[in-house]
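In: got a predicted structure here, sequence first:
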Amino acid sequence: MAESVAASRRYESPRRRQQAAATRRDILHAAQRLFEQQGYPATTMAAVAVEAGVALKTVYVALDTKSGLLRAVWDLALKGDQDVAPVAARQWYREVLDEPDPERQLRLNASNARVVKERAGALMNVIRSSAAADPDVGALWDLIQRDFHANQRTIVETLHAKGALRPDLDVARATDILWTLNHPDLWQHLVAERGWTPEEHERWFADTICDQLLDPAGRAKPGPTPRS
């Protein structure tokens, strides 16, 4: 009898984990909608519970503070799933680093940037606009900035190792250029405020970073922009 109960528990455990993960995902999606619609300060945990269709206690069990909720929403929006692996370990990022052709490498980076900003661009604006008024949100924004800069630097370092950078650029200056042109503020200005389509922004960003970073002497004729 004891063995039967234990086997039943082992059988039910994966299902419970799946249900818990689905509930957490529903809460995070609901929170992202509210954060983007009404801002971080005005969004309450109770409102998130209503939006997600769960009890308030369920929200607090999944994420015990509003700042923790925002951080989890950001993590999901950035990565696209609930896997804990960081961006640096993601296949789409590794493909950029492993691409041997410098121009295609930067165009792949532009394609990835569009996909991420379509998921998370509006949320990044929420985080940035609330960072000065809330220390926890400020700490999250600082973390986003550091991680983003570090990931862009790694891409630049691979370009430098190939001898593909413009001769007047070192790694630090090239990283600053890539980080600036890929910054969510520019996406917000051009897409959200000026009405550029995400595809138009991707093409502009890809063309601009290739012109700004790559040694003209080593550039091949550009091919089509990769599709995500």
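Out: It's in.

In: in space, not sequence, find me the middle residue of the chain.
Out: Nearest to the geometric centre of the chain sits residue 78, at 2.5 Å (C-alpha atoms, centre = their mean).

In: can you pull the pLDDT of that residue?
Out: Per-residue confidence at residue 78 stands at 88 (pLDDT).

In: how much space separates the closest residue to it other than its chain neighbours from residue 23?
Out: Distances taken as C-beta to C-beta, 6 or more residues apart in numbering put residue 120 closest to residue 78, at 5.5 Å, once the chain neighbours are dropped. Any C-beta I mention is one placed from the backbone N, CA and C, and that applies to glycine too. Per C-beta to C-beta, to the nearest Å, residue 120 is found 22 Å from residue 23.

In: quick one: which of these two has more around it?
Out: residue 120 (24 against 17; other C-beta atoms under 10 Å).

In: identify the residues contacting the residue nearest to residue 78.
Out: 74, 77, 78 (C-beta atoms under 8 Å, 6 or more residues apart in numbering).

In: can I take it that the first one is in a helix?
Out: Meaning residue 74. Yes - assigned with DSSP: H, G, I helix; E, B strand; the rest coil, residue 74 falls within a helix.

In: would you agree it is in contact with residue 123?
Out: Yes - here residue 74 reaches residue 123: they are 6.3 Å apart, a contact under C-beta atoms under 8 Å.

In: ok, so of the contacts of residue 120, who is nearest residue 92?
Out: Nearest to residue 92 out of the contacts of residue 120 is residue 78 (C-beta to C-beta; 11.7 Å).

In: could you list the residues in contact with whatever helix or strand that closest one lives in?
Out: For residue 78, the element it lies in under DSSP states H and E is helix 66-79. Contact with helix 66-79 is made by 24-25, 27-29, 31-32, 35, 40, 43-45, 48, 59, 63, 82, 85, 87, 90, 116, 119-120, 123, 127, 134, 136-137, 140, 144, as judged by C-beta under 8 Å, 6+ apart.

In: follow-up on the earlier one: tabulate the contacts of residue 120 (JSON lines), appending distance to residue 108.
Out: As requested, the contacts of residue 120 are exported to JSON lines (distance: C-beta to C-beta, whole Å):
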{"residue": "74", "distance to residue 108": "23"}
{"residue": "77", "distance to residue 108": "20"}
{"residue": "78", "distance to residue 108": "17"}
